[in-house]
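# dropping the sequence and predicted coords here.
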Amino acid sequence: MERFVIAILVENQPGILTRVASMFNRRGFNIDSLTVSETETHEYSRITISLTGDDAICRQIVKQLKKLYNVKEVKVMDKPKSVLRELALIKLKNTPETRQEILSAVDIFRSKIVDFSPSTLCVEITGETSKIEAFIALVEPLGILEMCRTGVVAIERGCHYLNSDTSL
Amino acid sequence: MILTGAEIVVETLIEQGCKTVFGYPGGQVINLYDALYTRSDRIQHILTAHEQGAAHAADGYARASGEVGVVIATSGPGATNLVTGIATAYLDSVPMVAITGNVPNSLIGKDSFQEVDITGVTLPITKHNFLVKSIDKLADTIREAFVIAKSGRPGPVLIDIPKDVQVATYPYMACPVAEKKMPKKAKGDKLSRAAQMISEAKKPYVYFGGGAVSADISTEIITLATLIDAPVGCTMMGLSAVPVDHPRYLGMEGMHGHYASSVAQDEADLIIAIGARFSDRATGNVAKYARKAKIIHIDADGAELNKNVSVELGIECDVKDALQRLISLLDEIKHPEWMARIAELKAEEQTQFEKVTAKDRITPYALIQETAKHTQADTPIVTDVGQHQMWVAQYYPFQNPRTFISSGGLGTMGFGLGAAIGAAKATGKRTVLFTGDGSFGMNLNELATVSAENLPVVIVIMNNHVLGMVRQWQTLFFQKHYSNTDLHKRKTDFVKLADAFGIRGYRIQDLSELSDMIAKAFSEDSPVLIDCAIYEDEFVLPMLPPGGCIEDIITERGDQ
């Protein structure tokens, strides 16, 4: 089992997210995270899906996605040749006993405190999923009150583009 | 030319070559029906008894003709009644366009009267669907729907049109019939590899599915098999693509397939699968499926390659082109030992058949053979779903492609009568429906349509007063607990029923009447119904138990 990140360029039309999500549901493929957003053109939206599975499942998902109308491009991101990022907001208990430990973890992980109240503090951390998960593991014993994550977004390095019509 | 949306819909249907539509009117399609009324000299509308029947009719029309079948229904219940018909077409890759009316845009999302999100409902059972929110996209959307329905691996497309879009006006200009998009051509190196694998094989087996019917490759299949000296088998959906009496033909394989076909597939060292998708009914236990064989899979849909079984070589392509090119790469090969083994298997199958087929009562086999004496090579043979369907699949002597019309993937009981209406309409020919008392009971309201249109449909009910297929499983796997499968209490008199709809009915209860009664029924031009009594514990044999493999094959009824 491996974690894959699939980038999908879809026509910017109502219902397209449902079509993509419904395909995963219907075929029994599990999604770890899903993000959808605008792109460089109004014509297309970009969906990034991360999932855990084997090669065969990943290949089948790509084929099923390509069958959907309104899907322009599908690409399994080659991780070493891509930038992958995720953002998490993590609300922790703010107590005199834990504060110092949290602050040093924040420092080591190059994250930042974005909210601070007498009893809580909130950390914003950005990075690859593995970094975020390492941070979470570190602060979990200190009391996580609330957490939300954006899911992975990914872009290829250099002159490679998801949209095959794009060039320099 | 400025037209209303409703008029644009009908004009675009006519423009795209649609001559017959099936449907049922209602509140949100009154405008559409008005446009049909004023154009009835150019497009015919067949009113069915129920929207489900209309959907199956459009499906049967498409299967019999190869054209796109079109069905119209109103919003809400009209649209949801289409769902089983659309799913049936989707699972069997049948080109269909379903048009539904919906409440006006301003009322969408408010749980208005007869409002349902039919594009949401049909999302997983259509190739694609559209909600047309503005009239400027209407004509092009319908054209696109036809292209999607018939291109590549065909399938159903739904177009939902709110009432205000039907009422609005917009300029319309006729366009030529939109051409279907062909799948890409196979890569040369893949075909060379296929040729290499074929030349190395000692026991090749050519295997085709429904894709062979839609790609029209009967000739190519026979040429290939003859060239490489291989037997030919098929899935149920492939039936009728190769004539049953062809010497290389072994028939359908799978759960109720022919013995020789299933065993040959198990013994083969190379399976050349064309337009088939390795469904569980065809393979049984996938882990034990064709263990000795390498598989070459040629299909229009790349998503089918390696989906259900792993294959040595998968080729996503225009199947007809690929086969023609593959044939040109091959030299004639002979496999005398393999073909001798095939002959042996066929003989074994014949012995088994003799052993299990009674001679002293009306067997399904006798009924089918007797019926076939009165049909032609191009007679559409429609079935419902259940034991009778398997018997027809096993025993009917199909000659021409597109003459076997049956719900394979979804296995829709109640499919038959609607589909027979569509097939009769598409071909203008006498059409035979084989059905069972269970399946027929599901949508027999369509007798009204058969009668109203005076369609030359011969309905043959194999009446065993039980839900025979489930009963067979209950006998074999559930200690004869005949839970809710005994229909004796119903006392339905199908002859009187036919009479009530203005259709002549015949009853056959004894073997001695069989031949004469069938001849009598077929001597009429109008619709007829034949209620033929058969034994309630007749089995469909052979049977590969669900999830089983070739070693588990049941060829005799035993002492159950």
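Sure thing, it's come through. Note that the structure is predicted; figures quoted are calculated from it, not measured.
# residue in chain A nearest to chain B?
Among all residues of chain A, A:Lys63 sits closest to chain B, at 4.0 Å; criterion: C-beta to the nearest C-beta. Glycine gets a C-beta too; all of them are placed from N, C-alpha and C.
# report the secondary structure element holding that residue.
Assigned by DSSP states H and E, A:Lys63 belongs to helix A:55-67.
# just checking, what packs against that helix?
Based on contacts counted as 3 or more C-beta pairs under 8 Å, 6 or more residues apart in numbering or on different chains; DSSP states H and E, the elements that helix A:55-67 packs against are strand A:2-11, helix A:16-27, strand A:44-53, strand A:71-76.
# for the helix or strand that the shortest one is followed by, buried residues please.
Past strand A:71-76, heading to the C-terminal end, the next element that is a helix or strand (DSSP H and E) is strand A:82-93. Burial within strand A:82-93, assessed by neighbour count using 16 or more other C-beta atoms under 10 Å in any protein chain shown, is assigned to A:Ser82, A:Leu84, A:Arg85, A:Glu86, A:Leu87, A:Ala88, A:Ile90, A:Lys91, A:Leu92, A:Lys93.
# so can I have TSV of those showing distance to chain B and pLDDT?
Formatted as TSV, the entries for the buried residues of strand A:82-93 read as follows, by distance: C-beta to the nearest C-beta, whole Å; pLDDT from 0 to 100:
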residue	distance to chain B	pLDDT
A:Ser82	25	97
A:Leu84	27	97
A:Arg85	30	97
A:Glu86	29	97
A:Leu87	31	98
A:Ala88	32	98
A:Ile90	36	98
A:Lys91	35	98
A:Leu92	41	96
A:Lys93	43	95
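# which residue is nearest the middle of the chain?
No chain specified, so I'll use chain A. Against the mean C-alpha coordinate of chain A, by C-alpha atoms, centre = their mean, the closest residue is A:Val152 at 1.3 Å.
# I was after chain B.
The structure's chain B has its C-alpha centroid closest to B:Ser406; by C-alpha atoms, centre = their mean the separation is 3.6 Å.
# these two touch, right, it and B:Pro380?
No - using C-beta atoms under 8 Å as the test, B:Ser406 is too far from B:Pro380 to be in contact (10.8 Å).
# compare the helices and strands packed on helix A:55-67 and say which comes out lowest on pLDDT.
Note on the helices and strands packed on helix A:55-67: lowest mean pLDDT is at helix A:16-27, with a mean of 92.
# average pLDDT across the next helix or strand after that one?
Scanning the chain past helix A:16-27 towards its C-terminal end, the next helix or strand to appear is strand A:33-38 (assignment: DSSP H and E). For strand A:33-38, mean pLDDT is 95.
# relative to helix A:16-27, how tilted is strand A:33-38?
Relative orientation of strand A:33-38 versus helix A:16-27 (axes from the mean of the first three to the mean of the last three C-alpha atoms, to 10 degrees): 160 degrees.
# what's the burial count for the residue of chain A closest to chain B?
The tally of other residues near A:Lys63 (other C-beta atoms under 10 Å in any protein chain shown) stands at 18.
# identify the residues contacting the residue nearest to it when sequence neighbours are not counted.
Counting by C-beta to C-beta, 6 or more residues apart in numbering or on different chains, B:Ala303 is the residue found nearest to A:Lys63 once chain neighbours are left out, at 4.0 Å. Going by C-beta atoms under 8 Å, 6 or more residues apart in numbering or on different chains, B:Ala303 touches A:Gln60, A:Lys63, A:Gln64, A:Lys66, A:Lys67.
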